[in-house]
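1. sequence and computational prediction follow.
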Amino acid sequence: EQEIKPSLISKHFQVFYQPKVNPCTEEIVGAEALVRWFHPDRGFISPALFIPIAEKSGDIITVGRWVFNEVCSMLAQQKEKGIESIPISINLSRVELYQSDLILFLKSVISRYQIDPCLIEVEITETTAFNHQEELILILKEFKKHHLRIALDDFGSGYSSLNMLKDFPIDVVKIDQEFFRTNTFTQMRG
């Protein structure tokens, strides 16, 4: 926990981009920004280990904002080089999502790097979405007002229903992989 902030300053964190591929055309249509920690003494530290610690301590805000800045910087560099950019998904934790200055922060970084906000897809998890519905809907509407895309991750991992989605301004629904690991999806189709 005490090494997260110094590791950000020392550049021990890195952002990797997991491509999103259209299965019909095999074209890369987007990517998801994934933060990874390569500690000089401990080696690779799994996000499954450091993210919950960072969420509990509040350091996830610093990590998340660093990731957002890195993604926007990369998109600006691509623009400067004349490279056509693809939309990038950035995960927001529950802790980050409810920060009063979140929208102001996002807008200021996007403005500083002069990137198209449509290239940013904010990704939230199903459990985050359905725990504080009314408050979250207002936040998501603010994202949409500023032309950010919204993805709902891990759909189907909890007790949600498709009916609940109608109230949320969601652009993308990512179905939880458990649907495809078990026979649930096959049984539903068949």
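-> Thanks, I have the structure now.
2. ok, residue 2 - how many residues close by?
-> Number of residues near residue 2 (other CB atoms under 10 Å) recorded here: 8. Where C-beta positions appear, they are placed from N, C-alpha and C, glycine not excepted.
3. helix or strand for it, which one?
-> Of the helices and strands defined by DSSP states H and E, none includes residue 2.
4. could you do residue 108 as well?
-> helix 102-113.
5. ok, and what's touching that helix?
-> Helix 102-113 is contacted by residues 65, 68-69, 72-73, 75-76, 96, 99, 117, 120, 139, 142-143, 146, 148 when judged by CB atoms under 8 Å, 6 or more residues apart in numbering.
6. which among those residues gets closest to residue 49?
-> residue 96 (18.6 Å; CB to CB).
7. what secondary structure does that closest one sit in?
-> helix (DSSP: H, G, I helix; E, B strand; the rest coil).
8. top helix in this protein by residue count?
-> With secondary structure taken from DSSP state H, the chain has its longest helix at helix 60-80.
9. what packs against that helix?
-> On a contact count with 3 or more CB pairs under 8 Å, 6 or more residues apart in numbering; DSSP states H and E, helix 60-80 meets helix 4-9, strand 13-21, strand 28-39, helix 47-57, strand 88-91, helix 94-97, helix 102-113.
10. among these, which comes closest to residue 133?
-> It's helix 94-97; of these, that one is closest to residue 133 (CB to CB) at 12.7 Å.
11. could I get the closest one in CSV with only the CA atoms?
-> Listed next in CSV are the C-alpha coordinates belonging to helix 94-97 (Å, rounded to 0.1, in the frame of the first residue of the first chain):
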residue,chain,number,x,y,z
ARG,A,94,-16.6,2.6,-7.5
VAL,A,95,-14.3,4.9,-5.5
GLU,A,96,-13.3,6.9,-8.5
LEU,A,97,-16.8,7.2,-9.9
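12. now it: average pLDDT?
-> For helix 94-97, mean pLDDT is 88.
13. find the residue closest to the residue nearest the centre of the chain in space, skipping its chain neighbours.
-> Ranked by distance to the mean C-alpha position of the chain (CA atoms, centre = their mean), the top residue is residue 91 at 1.6 Å. If the residues on either side of it in the chain are set aside, residue 91 comes closest to residue 123, at 4.8 Å by CB to CB, 6 or more residues apart in numbering.
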